[in-house]
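Q: Make a model of this:
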Amino acid sequence: MHTNATEYPRILVTGSSGYVGSNLVPTLEARGYAVRCFDQVAPASGTQGALVHDGVCSAQREYVTGSVLEPAQVDEAMRGVDGVIHLAAAITLKKRDPQAWRLNSAGPGVVARSALKHHIRMVHCSSVHALDNATKGVITEKSPPAGPDRPLYDRSKAAGNRAVRRQIARGLDAVVCMPTGIIGPTDPTQSRVNEIILDAARGRVPAVVAGGFDWVDVRDVAGGLIDAFEKGQTSQQYLLPGVRASMSTLVRIASALAGHSGRAVPVFPLRWVDWLAPVGEKIGSWVNSDIFTSASLGALEDLPHVSGAKARNEWDYQPRSLAVTIRDLLVDVGIDVVDDPGAMVEMRRDLEAM
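A: You can find the predicted model right below:
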């Protein structure tokens with residue numbers, strides 16, 4: 001690791017204050033990079049220049065405020081950096097969300113055009129939702145993109161990928177990464193699934209819906225993005241999956257780690273999804289929440305098999321276990337964890353049955 005801040009290769013990270021960004025920035029610094037954080041949210045006063053992160057003083061970080069939808073602001077932020085990792089995006093489960101659509105579909109193109117102009121490498125952090133998750137069989141990098149019948153979020157991520165690919169066709173050195181459902185510690189956004197896991201550890205989950213997804217630790221995503229920057233092949237896309245598991249398995253692991261392994265949580269069958277979605281959407285409109293939309297419930301119904309073979313073969317991508325991720329999430333927010341070998345054996349059986 002360099003000792004002089006001026007010697008660090010400098011990476012621009014868009015959306016740096018979000019969930020992935022909060023994990024990526026310190027990981028980049030630990031691996032010898034300086035970071036220019038680009039976000040619409042201005043940092044707290046006194047954080048420009050040297051700052052303390054996890055007790056370590058860092059002179060490797062600077063902050064620039066702006067929008068990825070403003071080409072002039074992106075161009076200015078791009079000056080003097082050696083690469084860019086584009087994270088800025090909006091997760092939405094609504095049927096209509098013009099702001100999220102614009103950020104997810106147009107933002108990647110703005111950043112890609114600027115990266116091409118400045119002759120620097122780009123890593124675009126997309127999502128497995130950019131692919132058709134309803135595809136039967138294993139999802140790979142060659143799976144078809146999300147089509148017009150998929151939820152708005154999926155279509156917006158597919159559109160963002162296309163925007164980056166248009167610049168790749170013009171000569172941009174870029175790689176696209178597609179993580180699955182991201183969970184784990186250091187979550188300033190209080191993501192939906194992390195909140196369910198934490199509620200389970202506190203004994204506050206009355207029931208769960210059957211089905212599940214592929215869940216990946218946010219720290220493995222951060223490491224994968226850096227590996228893609230360093231080792232990924234230009235124009236290629238890489239899936240970054242973790243472990244395929246049901247929602248009930250997440251709840252059982254969290255409950256066991258918090259010492260509640262004997263508590264049974266009812267599971268609603270998937271055939272109820274079509275009935276629950278319209279009701280949930282009506283309730284969500286009253287409380288300004290999209291957690292019970294057809295998109296959120298349908299995503300769990302897909303329960304995709306996602307292959308990480310490409311990243312594993314090219315740079316030894318090895319995501320950590322689900323139990324480790326959930327344990328670290330609980331510890332991160334101050335929940336005491338216990339060792340319960342019996343519950344862990346039961347959890348492994350659940351995973352093997354998926």
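
Q: all contacts plus neighbour counts: C-alpha atoms, from now on.
A: OK.

Q: Centre of the chain to the helix or strand hosting residue 166, how far?
A: Assigned by DSSP states H and E, residue 166 falls within helix 152-168. Distance, stretch centre to chain centre, for helix 152-168: 16 Å (Cα atoms, centre = their mean, to the nearest Å).

Q: What residues of that helix count as buried?
A: Buried residues in helix 152-168, counting neighbours by 16 or more other Cα atoms under 10 Å, are found at 152-165, 167-168.

Q: which of the residues you listed lies closest to residue 101?
A: Set against residue 101, the nearest of those by Cα to Cα is residue 156 (5.5 Å).

Q: so what's residue 311 up against?
A: For residue 311, the contact set (Cα atoms under 8 Å, 6 or more residues apart in numbering) comprises 238-240, 317.

Q: Next, the angle helix 152-168 makes with whatever helix or strand comes next after the helix holding residue 166.
A: Using DSSP H and E, the helix or strand that directly follows helix 152-168 along the chain is strand 174-179. Relative orientation of strand 174-179 versus helix 152-168 (axes from the mean of the first three to the mean of the last three Cα atoms, to 10 degrees): 160 degrees.

Q: ok, strand 174-179: who's next to it in the sheet?
A: strand 121-125 (parallel), strand 237-240 (parallel) (DSSP bridges).

Q: and the longest helix belonging to the chain, average pLDDT?
A: For the chain, the longest helix by residue count, based on DSSP state H, is helix 98-117. Helix 98-117 shows an average pLDDT of 98 in the prediction.

Q: So what touches that helix?
A: 68-71, 74-75, 78, 83-84, 86, 88-92, 121-122, 124, 152-153, 156-161, 163-164, 167, 171-173.

Q: ok, now with 6 Å
A: 68-69, 75, 89-90, 156-157, 159-160, 163-164, 172 (Cα atoms under 6 Å, 6 or more residues apart in numbering).

Q: and if you look at stretch 62-69?
A: By Cα under 6 Å, 6+ apart, stretch 62-69 touches 36-40, 42, 48-49, 73-74, 107.

Q: what comes up buried for it?
A: Applying 16+ other Cα under 10 Å to stretch 62-69 flags 62-69 as buried.

Q: got CSV for the residues you listed, with distance to residue 313, secondary structure and pLDDT too?
A: As requested, the buried residues of stretch 62-69 are arranged in CSV below (distance: Cα to Cα, whole Å; DSSP: H, G, I helix; E, B strand; the rest coil; pLDDT from 0 to 100):
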residue, distance to residue 313, secondary structure, pLDDT
62, 34, strand, 94
63, 35, strand, 95
64, 36, strand, 95
65, 38, strand, 96
66, 37, coil, 97
67, 36, coil, 98
68, 33, coil, 98
69, 35, coil, 98
